[in-house]
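Peer 1: any chance you can model this:
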Amino acid sequence: MIYGEDQYRKDLNRYIDNIDNQIHSISKTLEDFSCCILSDFENLQKAVTEAHTIASTYYLQSYLSPYTKEYSSLSLAAQHLSEKRHGGLIVVERRLPLGDYLHNGTPIGAKVSSALLETIFYPGNPLHDGGILIKEDTIISAGNILPLANKTIEGKKLGTRHRAAIGLTEKSDAVAIVVSEETGRISFAVEGQLYTIRT
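Peer 2: Residues are numbered from 1 along each chain as shown. Just a heads-up that it's a prediction; the model follows:
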């Protein structure tokens, strides 16, 4: 979904109002100990997750749109990879060149498309384990090896793709989109921080 700022604020405010009402309702229900509130918590969790998805999608779009017109193709590819549980790591170069941080990539030189990104990350493809480098609207290379993060995230076991996304964004201003092969979760890294878009 492509968000303008006004639509983003409108949608997020609607979810926040809904969450606030649900919390108020749960609080009132607690006064009657004979009522079970487990389903109320499930509904609350769903609303919070949906609000989080809207916010993270908006911020990812904001980080990418000044540097590539193909951010919707990147989102679509990530969604398709997530649905199929195919892992992926897509790096978008912004202001700083990334040549010093990526190694052993195979030159591609093709226009960004979701179909091509999905093909590269298809299991068994020789390039599917590395990261794809995108500059503006072009896939520069695939199968790149990225620096791994030194830090650990408390309570989280991170795979190689996630550690590579964090490691690269610790050293540069790039944005890295990661799709987990195990869970299908979509995340992005910027400035050494990892944010979940969709579980």
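
Peer 1: top helix in the chain by residue count?
Peer 2: Here the longest helix in the chain is taken by residue count, with DSSP state H as the criterion, and it is helix 38-64.

Peer 1: what about that helix, distance to the chain center?
Peer 2: The chain centroid and the centroid of helix 38-64 are separated by 13 Å under CA atoms, centre = their mean, to the nearest Å.

Peer 1: what's the answer for stretch 75-83, then?
Peer 2: For stretch 75-83 - counting by CA atoms, centre = their mean - the centre lies 10 Å from the chain centre.

Peer 1: how about stretch 114-125?
Peer 2: Its chain's C-alpha centre and that of stretch 114-125 lie 17 Å apart, by CA atoms, centre = their mean.

Peer 1: make residue 1 into 39 and carry on from there
Peer 2: Understood, numbering begins at 39; the last thing we discussed is stretch 152-163.

Peer 1: list of residues touching it?
Peer 2: Stretch 152-163 is touched from outside by 111-112, 114-115, 118-119, 124-126, 128, 146, 148, 165-166, 170, 177, 180, 217, with contacts defined as CB atoms under 8 Å, 6 or more residues apart in numbering. All C-beta atoms are positioned from the backbone trio N, CA, C, and that covers glycine.

Peer 1: what about these, which are in helices?
Peer 2: Secondary structure defined by DSSP H assigns 111, 112, 114, 115, 118, 119 of these to helices.

Peer 1: from those residues, list the buried ones, please.
Peer 2: When burial is judged by neighbour count using 16 or more other CB atoms under 10 Å, the buried members of the ones in helices among the contacts of stretch 152-163 are 111, 112, 114, 115, 118, 119.

Peer 1: apart from its neighbours in sequence, what residue is nearest the first one?
Peer 2: To tie it back to what came earlier, the one meant is residue 111. For residue 111, ignoring the flanking residues on the chain, the nearest one in space by CB to CB, 6 or more residues apart in numbering is residue 152 at 4.7 Å.

Peer 1: if I look at the one you found, what pLDDT would I see?
Peer 2: Confidence per residue is given as pLDDT, and for residue 152 that number is 95.

Peer 1: what number of residues lie near it?
Peer 2: Using other CB atoms under 10 Å, residue 152 is surrounded by 18 other residues.

Peer 1: kindly report the same for residue 149.
Peer 2: By the measure other CB under 10 Å, the count of residues near residue 149 is 11.

Peer 1: what's across from it in the sheet?
Peer 2: Beta-bridge pairing of residue 149, defined through DSSP bridges, involves residue 176.
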